[in-house]
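>>> one predicted model, sequence on top.
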Amino acid sequence: MTDILPSSPAASVTSVTRRYRFATEVVTVDNSDDPHNAASVPIYQTATFKQKGATATGEYDYSRSGNPTRTHVENHLAKIMSAERALVVTSGMGALDVITRLVKTGEEIIAGDDLYGGTNRLLSFLAKSQNVKTHHIDTTKSDSILPYLSDKTRLVLLESPTNPLIKISDIPTISKYVHDRCPNALVVVDNTMMSPYLQRPLELGADISYHSGTKYLSGHHDLMAGVIGAKKASVGDELYYVINATGCGLSPFDSWLLLRGVKTLAVRMDKQQASCIRIADYLEAQGFKVHFPGLRSHPQYDLHASMASGPGAVLSFETGDTGISERIVEGTKLWSISVSFGCVNSLISMPCRMSHASIPAHIRAERSLPEDLIRLCVGIEDADDLLEDLEQALNIAGALPTPSK
Ligand SMILES: Cc1ncc(COP(=O)(O)O)c(C=O)c1O
Ligand SMILES: N[C@@H](CCSC[C@H](N)C(=O)O)C(=O)O
């Protein structure tokens, strides 16, 4: 496919190596090619680029094919994701759409049975429209994948932790199973929940890692973006072909916003994670069933710790009663009732009513997704304020055995 690529930036960054620790690399953007030594990468808000002659194209000709602001954010993301090539598109779902275009009619996908509702929707759509079957299995048990691996397998799609039940999959073991048995299959990890700061799936054996850049990478809920990192440049080039062919590359302005946002990823995540650990401890101490890989009680605490450098800042918990859960969510003042996560502001939601409502109720039940589940996405506010607000909402909802204070 690469021989028919149009002129465009060859965004492979195999030559860009990390020299410093992650928190330093993430804030250090290489802008050394700027003709005016601009400290911040400029926004090249242009659709087209002039040519020296009819056949003399420069590095860029048209912003759908490539744009310098987009190239900068892609190179920076490739560096922090340990990818040979990174690509940015208009949303996380757009990223998965691009990846699934590598699958041909009749081929198969293996995916988890707890995964983001929109991902489930796209996989269901592919089954109907392209005859691409997805086997949904419990990827927390690595061996459960073995009976489904065949010469039809093209993608194995993992979330770890999963959204919303925060289950963990063994990325190295599953990658080995897949690569040993299906050399043409690609292991794809949706790493949105962790961000490359906490977990880098390409270093763990995966072939492609992707993100909803709408979340931690940008961090402020002021843009939609999708990010794809390919371990091998050749796979990145195939994905680039799809992006240019379909026209879903990220705009110059959103590329700039993403590059600006990602610089603070480490400080945001440190603060959000520290507060989330406190909140998880508090909820568990009140007797709730809490799903969070930072708690010793998490069934895959050790596995997660072997792959990631922290538990992140999203947890979910069960109250045992849908009505109580609704009252808790509606009783908070500081936590916004909102889908999404990874923002500097704290969010509270009921996945079955909101982010995962597109999964039919009977499938949610088959997959044991509790209707009363509450998801908390912890922001950078003062943790004491967050805890106090949560506690008053729990009290109002009658969720605490003995109302405190
Ligand atoms: C885990 C996960 N992956 C992918 C997506 C899709 O991202 P986007 O909303 O940017 O399309 C979302 C949320 O929307 C998500 O939660
Ligand atoms: N109406 C949207 C819902 C988006 S959910 C966003 C996010 N991934 C989350 O988990 O909260 C849709 O139908 O996709």
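Noted; the coordinates are in hand. Ligands and ions are numbered 1, 2, ... in the order given.

>>> show residues contacting the helix or strand of the chain with the lowest mean pLDDT.
Across the helices and strands of the chain, mean pLDDT, DSSP states H and E gives its lowest value to helix 361-366, namely a mean of 94. By C-beta atoms under 8 Å, 6 or more residues apart in numbering, the residues outside helix 361-366 that reach it are N120, C352, H356, E371. For glycine as for every other residue, the C-beta is placed from the backbone atoms N, C-alpha and C.

>>> tell me the pLDDT at P9?
At P9 the predicted local confidence, pLDDT, stands at 54.

>>> rewinding a little: quick one: which of the contacts of helix 361-366 is most hemmed in?
Using other C-beta atoms under 10 Å as the contact criterion, the top neighbour count among the contacts of helix 361-366 goes to H356, which has 26 neighbours.

>>> ok, and the closest non-adjacent residue to it?
G117 (3.8 Å; C-beta to C-beta, 6 or more residues apart in numbering).

>>> residues near the one you found, how many?
G117 has 20 neighbours, counted by other C-beta under 10 Å.

>>> circling back: next secondary structure after the least confident helix or strand of the chain?
Next along the chain after helix 361-366, taking DSSP states H and E as the criterion, comes strand 374-377.

>>> mind checking which of the contacts of helix 361-366 are in strands?
Of those, none are assigned to strands by DSSP state E.

>>> tabulate these (a markdown table), appending pLDDT and distance to ligand 2.
Output for the contacts of helix 361-366, formatted as a markdown table (pLDDT from 0 to 100; distance: C-beta to the nearest ligand atom, whole Å):
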| residue | pLDDT | distance to ligand 2 |
| --- | --- | --- |
| N120 | 96 | 10 |
| C352 | 97 | 12 |
| H356 | 95 | 7 |
| E371 | 97 | 16 |
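
>>> can you list which of the residues you listed are found in helices?
N120 (DSSP state H).

>>> using a markdown table, please lay out the contacts of helix 361-366 together with distance to I145.
A markdown table is the format used below for these (distance: C-beta to C-beta, whole Å):
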| residue | distance to I145 |
| --- | --- |
| N120 | 18 |
| C352 | 26 |
| H356 | 23 |
| E371 | 28 |
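
>>> which one of the contacts of helix 361-366 is nearest to ligand 1?
Distances from these to ligand 1 were compared by C-beta to the nearest ligand atom; the smallest belongs to H356, at 9.5 Å.

>>> so who does the closest one touch?
With contacts defined as C-beta under 8 Å, 6+ apart, the neighbours of H356 are Y116, G117, N120, P164, R364, L369.

>>> what's the most distant pair in those residues?
In these, the most distant members under the criterion C-beta to C-beta are Y116 and R364, with 13.0 Å between them.

>>> comparing these two, which residue is more hemmed in?
Y116 (25 against 19).

>>> so where's the longest helix in this protein?
The longest helix of the chain (DSSP H) is helix 265-285.

>>> that one: what's the following helix or strand?
Sequence-wise, the next helix or strand downstream of helix 265-285 (DSSP H and E) is strand 289-291.

>>> buried residues, the next helix-or-strand element following that following strand. List them.
Remark: after strand 289-291, the chain's next helix or strand is helix 301-307, criterion DSSP H and E. Across helix 301-307, burial judged by 16 or more other C-beta atoms under 10 Å covers Y301, L303, H304, M307.

>>> which residues of the protein score low on pLDDT?
Applying pLDDT under 70 to the predicted model, the residue ranges of the chain that meet it are 1-16, 402-405.

>>> kindly report the residues of it close to ligand 1.
Among all residues of the chain, those adjacent to ligand 1 (criterion: C-beta under 6 Å from any ligand atom) are 91-93, 116, 118-119, 159, 163, 190, 192, 212, 214, 224, 226.

>>> same thing but at 8 Å, please
Applying C-beta under 8 Å from any ligand atom, one finds that the chain approaches ligand 1 through 91-96, 115-116, 118-119, 159, 163, 190, 192-193, 210-215, 224-226, 339-341, 355.

>>> kindly report the residues of this protein close to ligand 2.
By the criterion of C-beta under 8 Å from any ligand atom, the positions of the chain lying close to ligand 2 are 92-93, 116-118, 121, 163-164, 192, 212, 214-215, 338-341, 349, 351, 354-358, 375, 377.

>>> can you say which of those are buried?
Neighbour counting over the residues of the chain next to ligand 2 (16+ other C-beta under 10 Å) leaves 92-93, 116-118, 163-164, 192, 212, 214-215, 338, 340-341, 349, 351, 354-356, 375, 377 as the buried ones.

>>> among those, which are located in strands?
Residues from those lying in strands, with DSSP E as the criterion: S212, S349, R375, C377.

>>> for M93, which non-adjacent residue is closest in space?
In space, M93 comes closest to G118 once its chain neighbours are excluded; the distance is 5.3 Å by C-beta to C-beta, 6+ apart.

>>> kindly report the same for Y301.
Excluding its sequence neighbours, the residue lying closest to Y301 (C-beta to C-beta, 6+ apart) is P293, at 6.2 Å.
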